[in-house]
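*Asks:* mind looking at a prediction? Sequence and model below.
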Amino acid sequence: MTGIMADRPDVRSQRLYLTAALSAGAAVTCSGDQANYLLNVLRLADGAGLLVFNGRDGEWRAQIARSGRRDAVLHISDQVRPQQGGPDLHYLFAPLKHARLDYMVQKATEMGASVLAPVLTQHTQVARLNLERMRANAIEAAEQCGILRIPEVAEPRKLEAVLAAWDPVRRIVFCDEAAPTRDPIAALRAIEPGPLAVLIGPEGGFAALERQALLARSFVVPLALGPRIMRADTAAVAALALVNGVLGDWC
C-alpha cells in the first residue's frame, strides 16, 4: 500500500486551523490574516488544495477560491481524518519569558497536553502573560505537526488557589528534584490510570512552604527527572514524555 495511511497525519500538505464548523460542501471565508498568509506568503494559486481543522470536526480537504485581490474562500470537500482526542493531561507550569515560553507551549501541544495552565508561585519571574500569544503558538504547533486537538489555555492562578480548588481524582505529577523515588518510571507505574496533570516549577524552584503544601496533598505524586538539573522548558518535554510513555497514549 502506498501513500499516507488514513490514521496518520499528512505532514507534507499545508494545514490551516479554522474556527468555523467543517462539513462537506461548506464554504468558509478566510480572515484577512489567513487570506494574506495563503495568497501572499505561501503564494497558493486559485484552486490549490490544503487541509483544514478546527479541533472539533476532524481534518478536511479544502480548495482555495479567490474572491478579490485580498480575499479568499475555502471550499470544504471531504474528511481526511475524524476528530481525535488524546491523553487527559493538564500541563501546569510557572510562566517563563518570551521565546522560552513560546517553545514550551509548542512542545506541550506536540506532546498531547489538553490544558495549558499557568501557575503563579513565589519564585515565578513572569506575572503577566499574553494568553492570545500562547494560543497562537499552540495553534501553530498543531498546524505543523498534524495535531487535531488544540489545548485549552487557562487563566493564570496562584498555586495555593489551584491546590485549594483541585479535584483529587486528577493526580498531579509534581516534578520535584528532591523526590524520594529516584526512578521516574517506577514512580509513574505506581499511579493508577486516570486523569493526570504535570506540574513544573519556576527556574528558582518552589519555595519550601509551597513544596510542603504540595507534598501534603494525597493527589500529588513527586517525580524526579534524573540526576541533572533541567531548565523549565526542558523539564516540560522530559516530564510529558515520561508520563505519555508510562500512563498516556504512547503505551
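*Replies:* The structure has been received and is ready for your questions.

*Asks:* give the buried residues for the strand or helix carrying residue 233.
*Replies:* Counting by DSSP states H and E, the element that carries residue 233 is helix 232-246. Applying a neighbour-count criterion of 16 or more other Cβ atoms under 10 Å, the buried positions in helix 232-246 are 232-240, 242-244, 246. The way it works is simple: take the backbone N, C-alpha and C, and place the C-beta from them, glycine included.

*Asks:* can I get the helix or strand harbouring residue 132 in PDB? Just the C-alpha atoms.
*Replies:* Taking DSSP H and E as the criterion, residue 132 maps to helix 131-145. As requested, C-alpha coordinates have been extracted for helix 131-145 and formatted as PDB (Å, rounded to 0.1, in the frame of the first residue of the first chain):
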ATOM      1  CA  LEU A 131      -2.700  34.400  26.500                       C
ATOM      2  CA  GLU A 132      -3.500  35.100  22.900                       C
ATOM      3  CA  ARG A 133       0.100  34.600  22.000                       C
ATOM      4  CA  MET A 134       0.100  31.300  23.900                       C
ATOM      5  CA  ARG A 135      -2.900  30.100  22.000                       C
ATOM      6  CA  ALA A 136      -1.400  31.200  18.700                       C
ATOM      7  CA  ASN A 137       1.700  29.200  19.500                       C
ATOM      8  CA  ALA A 138      -0.400  26.200  20.300                       C
ATOM      9  CA  ILE A 139      -2.300  26.500  17.000                       C
ATOM     10  CA  GLU A 140       1.000  26.900  15.100                       C
ATOM     11  CA  ALA A 141       2.400  23.700  16.600                       C
ATOM     12  CA  ALA A 142      -0.800  21.800  15.800                       C
ATOM     13  CA  GLU A 143      -0.800  23.000  12.200                       C
ATOM     14  CA  GLN A 144       2.800  22.000  11.700                       C
ATOM     15  CA  CYS A 145       2.600  18.600  13.400                       C
END
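
*Asks:* let me see the ranges of the helices in the stretch 51-200 of the chain.
*Replies:* Applying DSSP state H, counting those that start in this stretch to the stretch 51-200 of the chain gives helices spanning 98-110, 131-145, 159-164, 184-189.

*Asks:* now render the ones you listed as JSON lines, adding distance to residue 32, mean neighbour count and mean pLDDT.
*Replies:* Written out in JSON lines, the entries for the helices of the stretch 51-200 of the chain read as follows (distance: least, Cβ to Cβ, whole Å; neighbours: other Cβ atoms under 10 Å; pLDDT from 0 to 100):
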{"stretch": "helix 98-110", "distance to residue 32": "23", "mean neighbour count": "19", "mean pLDDT": "95"}
{"stretch": "helix 131-145", "distance to residue 32": "15", "mean neighbour count": "17", "mean pLDDT": "96"}
{"stretch": "helix 159-164", "distance to residue 32": "38", "mean neighbour count": "16", "mean pLDDT": "98"}
{"stretch": "helix 184-189", "distance to residue 32": "46", "mean neighbour count": "15", "mean pLDDT": "93"}
